[in-house]
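Engineer: quick one: sequence and predicted model below, then my questions.
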Amino acid sequence: MFDIHRVEIEWGGRKLKLETGHMARQADGAVLASYGDTSVLATVVYARQQKPGQDFFPLTVNYQEKTYAAGKFPGGFFKREGRPTEKETLICRLIDRPIRPLFVEGFRNEVQVIITVLSFDNENDPDIVSLIAASAALTISGVPFLGPIAAAKVGLIDGQMVLNPLIDEMAKTKLDLVVAGTNDAVMMVESEAHELSETQMLEAVMFGHKHSQPVLQAILKLADAAAKEPFDFQPPEKDKFTAQVKSLIEDDLRAAFSTPEKQKRNDMVAKAKEKVMSGIAIADGEGAAKDKQLLSGAFKAVEMDVMRGTVVKTGRRIDGRDLKTVRPIISEVSILPRTHGSALFTRGETQALVVATLGTGDDEQFIDGLEGTRKERFLLHYNFPPFSVGETGRIGSPGRREIGHGKLAWRAVHPLLPSHEEFPYSIRIVSEITESNGSSSMASVCGASLAMMDAGIPMKRPVAGIAMGLIKEGNDYAVLSDILGDEDHLGDMDFKVAGTSAGVTSLQMDIKITGITEEIMRIALSQAQEGRMHILGEMSKALSGARSELGENAPRIETIKIPVDKIREVIGSGGSVIRDIVAESGAKINVEDDGTVQIASANRESIEKALARIRGITMEPEVGTIYKGKVVKLMEFGAFVNFFGAKDGLVHVSQLTSTSRPNHPNEVVKEGQEVWVKLLGFDDRGKVRLSMKIIDQATGLEIPRAEGDPPEDDGMRRDRPPRREGGGGDRPRRRER
C-alpha cells in the first residue's frame, strides 16, 4: 500500500533520516525528516497554472510547532495553537530566504511549503531539520527548483567549531550560526556572536557549508528513488520587448540613477515606466495580459542593466559615492525628555528613533515554547510605518519583516549586555523607523546602542552595523558599503554585519543569485569592518560610553537576599503582606524563589520604606544596637516599644530615665511617642530587654558611662544566663525603623 523510500546518514554524531511515501501522499512533495528524536514533516504543493496578471512569485512558507511534539498542552485559555510565535515566524523566514532565489526565473505559479514539528526531543532544535526537510520535499516535488540546498548550525565551544550543538550546549557557545547553501555556494547566513573576528566568522561559515555536503548527497539519493516528473515549465520570452524599452527610456533611467534624492529619483523612474507602458503598443486579444507582463519585465531588466552596469564599469553609485564610502551620519541622544534613554540615528536618508525603557523582574516577558517556559529580560521591537518611505499603508500587528529585523538588531546588541547580577533591570528597546532608504535594521542597531548608553546601561562597548551589497555581472563584481534601497532591490546580495571595535556580534546574508564564493565574502567582511569602524567613530561624537548614572525618570533597584524560609512571611497569605508593603511604600517589589528581592522605585524614600518593612520581617535584631521605636503600650512595670519591624520589647520602669525612678511609665512616655532604645539582650524566656535611660533621646547616641559606674540593671529577674550575650561598644550602631 505504501511505497516508502528512506535515506539515513550519520551526521554530527546523530542519525539524520529522510523518508517519503508514508505521510501526506496527496501533496506534490512530502518528506519526514528526523534528527535524534526530533521529527518534522515538510510538504510542498504548487499550482499548475499562473494566475492571470501575476507579476511576482507567490511563495508561502509556513512553519508550525505543535505542542504535542513535546508532550505539552498549549498555553493560554483556548488550549489550541494560535497565531505564529516569534520563533515560528523567524524560522519561516530562515527557510524562505535560501530557497526563494532557486526557483527558475519567470516561474510565478503559487507554491506553498508547510513544515510541521511532530516530535521534539529537547536536544535537537527543529530549525535545521525543518530547512533540510523543506529542501528535500521541493527537490522531489517536480516543481522547477534549482536545488537542493542543505543547512547546518555551527557553535564555538572552548575554542572549537562544533557542528549542530545540542540545545544544552548552546548556553556555552560564543557563536550561534546557521548557514545554508548549494553544493558550490553559500545562499544564506544568520548568526549571533560574542565579538569574533572577521576571520573566525568566515571560517565558521565555510565550516558549516563543508559539513552540510553529506546532507545534499542524502537528498539527491532520495530524489533518485522518489522524485516526480519535472513540471513542464517554459520560461516566458524575456527579450521580446527589451530592445524597444531600452531605446525608449535608457537615457531617462540614466538621468534618474544619477539623482541622489530618493523621492525625486523614484518620480523619474515612475515617469519612465509610464512612458514605456503608454508608448509601446500591445496587441489586443488573448495574449494582451501576457504581453503587458512581459513589457513590465523588460522595463525592470533595462532598469537593472542601467544601474548595475554603471556601478560595475565606473565604480560610481546612484548618489555619486564610490564603493566604500558611508553616507553622512548624525547621532543625537536624549531626544525625548521623559524616557529613560533615547537616540536619533540618521545615516543619509535612513533614520531611526530608538527609545530605551528600564523595568523590573515584573516586566520580563514569559516565552512559551516546545522547550518549556522561560523569561526574557531584554526585548527589542522594530516598527516600520509606511510614512518612512513616503507611502500610505496599513498599521497593525508586526509582520514577518518587523519581527525579522527586530531579531537581527537584538542579536547584534545582546552579546554586549551586562549580566543580570551587574544590572538587575529588564530592558526594552523600541526602534521607530522614521525614514528609510537603506538598511533600517542596521540603523536600529546603532540607535539601540546609543539609547542604551544614554539610559545608563553599562554596555561593554558600543555596537554599530552596516549593510553591504553586491552587483555581479559575469566574472566582474562590485561590493558596495552602506547600500541604498535601490541597490538592495536591484542588486544581488544583502550582507549585514554588526559588531564593536573588538569584533563581530551578528552576521546576516541573503543572496538573490545562486550563491557567492568565499572570496566575495572575505572582501565583504573586510569592507564592512572599515565601514563599522567609521560609524562607531561618528557615534562617539554623541556618546562614547554609558552614562555614569541612570536618568532621573528611570527606576532605581535595590537588591537584597532574604532567607528562603522567610519568603512566605514577606508575601503573606494570598499576597496580603507584600501588597500592604507596596501600598505603603509606593515601590515595586519582586521576590524570586531563591530569596532574591528586588525593590524598584524612582523615589529613594519609597525604596527605604519597603526595605525597612522587609528587613523587619526577615531579620533578627542585634544585641547592643540602638533602634528608633514607638511606644505601643504602657503597663505599671514598664513600656512596650515596637522597635524592629513587628517586634516589640519591654523598657522596664527602671530603664526609662536616668533620674529618679518614676511611679508609673506615663510620667516619662506616652503611647505613640517615638523613642530611642538600646537592645540589652533577652531574658530566660526570650523576651526582649530594652533601655531608654542610657540613650540621649535628642541625638539617639549612647550616653557614656562614668568610670566605676555599676553595670546597668533592667529590673528583670533571671534565674539563668540570658540566651544571647549583649554587645555594642562605646558607640553602637543606630538603626531607624
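Structural biologist: Perfect, I can see it now.
Engineer: can you classify D239 by secondary structure?
Structural biologist: When classified by DSSP: H, G, I helix; E, B strand; the rest coil, D239 comes out as coil.
Engineer: what sits closest to the spatially most central residue of the chain if chain neighbours are left out?
Structural biologist: With distances taken as Cα atoms, centre = their mean, W410 lies nearest the centre of the chain, 3.6 Å away. With sequence-adjacent residues excluded and distances taken as Cβ to Cβ, 6 or more residues apart in numbering, W410 is closest to L380, at 4.1 Å. The way it works is simple: take the backbone N, C-alpha and C, and place the C-beta from them, glycine included.
Engineer: go on, F640?
Structural biologist: With Cβ to Cβ, 6+ apart, the residue lying closest to F640 is K633, at 4.2 Å.
Engineer: quick one: contacts for that neighbour?
Structural biologist: Neighbour list for K633: 639-640, 648, 671 [criterion: Cβ atoms under 8 Å, 6 or more residues apart in numbering].
Engineer: ok, those residues vs I483, which is closest?
Structural biologist: D648 (73.2 Å; Cβ to Cβ).
Engineer: point out where the stretch 1-150 of the chain drops to low pLDDT.
Structural biologist: Scanning the stretch 1-150 of the chain for pLDDT under 70 picks out nothing.
Engineer: in it, which spans are helices?
Structural biologist: Listed in chain order, the helices of the stretch 1-150 of the chain (DSSP state H, counting those that start in this stretch) span 86-99, 126-141.
Engineer: closest to A255 out of the ones you listed?
Structural biologist: Closest approach to A255 among these is made by helix 86-99 (34.1 Å; Cβ to Cβ).
Engineer: picking up where we left off before, and among the helices of the stretch 1-150 of the chain, the most buried is which?
Structural biologist: Of the helices of the stretch 1-150 of the chain, the one with the most neighbours on average (mean count of other Cβ atoms under 10 Å) is helix 126-141, at a mean of 28.
Engineer: and the angle for it with helix 86-99?
Structural biologist: For helix 126-141 against helix 86-99, the angle by axes from the mean of the first three to the mean of the last three Cα atoms, to 10 degrees is 40 degrees.
Engineer: only C-alpha atoms, please: export helix 126-141 in PDB.
Structural biologist: Extracted in PDB, the C-alpha atoms of helix 126-141 (Å, rounded to 0.1, in the frame of the first residue of the first chain):
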ATOM      1  CA  PRO A 126      13.900  21.800  14.800                       C
ATOM      2  CA  ASP A 127      15.100  24.700  12.800                       C
ATOM      3  CA  ILE A 128      17.900  23.000  10.800                       C
ATOM      4  CA  VAL A 129      15.900  19.800  10.400                       C
ATOM      5  CA  SER A 130      13.000  21.800   9.000                       C
ATOM      6  CA  LEU A 131      15.100  23.600   6.400                       C
ATOM      7  CA  ILE A 132      16.500  20.300   5.300                       C
ATOM      8  CA  ALA A 133      13.100  18.700   5.100                       C
ATOM      9  CA  ALA A 134      11.700  21.600   3.000                       C
ATOM     10  CA  SER A 135      14.600  21.400   0.600                       C
ATOM     11  CA  ALA A 136      14.100  17.600   0.200                       C
ATOM     12  CA  ALA A 137      10.300  18.000  -0.300                       C
ATOM     13  CA  LEU A 138      10.900  20.700  -3.000                       C
ATOM     14  CA  THR A 139      13.500  18.500  -4.700                       C
ATOM     15  CA  ILE A 140      11.200  15.500  -5.100                       C
ATOM     16  CA  SER A 141       8.000  17.500  -5.900                       C
END
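Engineer: and for G575, the neighbour number?
Structural biologist: 10 (other Cβ atoms under 10 Å).
Engineer: do R338 as well
Structural biologist: R338 has 8 neighbouring residues, counting by other Cβ under 10 Å.
Engineer: if we ignore the residues flanking it in sequence, what's nearest it?
Structural biologist: N553 (5.8 Å).
Engineer: got the contact list for that neighbour?
Structural biologist: 338-340, 602.
Engineer: could you do E123 as well?
Structural biologist: 36-38, 166-168.
Engineer: now restrict the residues you listed to buried residues only.
Structural biologist: 36, 38, 166 (16 or more other Cβ atoms under 10 Å).
Engineer: out of these, flag the one nearest to K271.
Structural biologist: T38 (54.1 Å).
Engineer: surely that closest one touches P126?
Structural biologist: Yes: T38 lies in contact with P126 (Cβ atoms under 8 Å); the separation is 5.5 Å.
Engineer: overlap of the contact sets of these two?
Structural biologist: By the contact definition Cβ under 8 Å, 6+ apart, T38 and P126 are jointly contacted by 117, 120.
Engineer: that older thread, ok, the residue nearest to the centre of the chain to L175 distance?
Structural biologist: 16 Å (Cβ to Cβ, to the nearest Å).
Engineer: which stretches of this protein have low pLDDT?
Structural biologist: For the chain (pLDDT under 70), the answer is 285-287, 706-737.
Engineer: where do the helices sit along it?
Structural biologist: Per DSSP state H, the chain carries helices over the ranges 86-99, 126-141, 198-211, 213-226, 242-256, 262-279, 288-314, 400-413, 440-454, 485-490, 518-539, 567-571, 576-585, 604-618.
Engineer: can you list those helices in JSON lines and add distance to H420?
Structural biologist: Below are the helices of the chain laid out as JSON lines (distance: least, Cβ to Cβ, whole Å):
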{"stretch": "helix 86-99", "distance to H420": "21"}
{"stretch": "helix 126-141", "distance to H420": "26"}
{"stretch": "helix 198-211", "distance to H420": "27"}
{"stretch": "helix 213-226", "distance to H420": "38"}
{"stretch": "helix 242-256", "distance to H420": "52"}
{"stretch": "helix 262-279", "distance to H420": "43"}
{"stretch": "helix 288-314", "distance to H420": "47"}
{"stretch": "helix 400-413", "distance to H420": "16"}
{"stretch": "helix 440-454", "distance to H420": "15"}
{"stretch": "helix 485-490", "distance to H420": "37"}
{"stretch": "helix 518-539", "distance to H420": "26"}
{"stretch": "helix 567-571", "distance to H420": "19"}
{"stretch": "helix 576-585", "distance to H420": "22"}
{"stretch": "helix 604-618", "distance to H420": "19"}
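Engineer: I appreciate the help and will end here.
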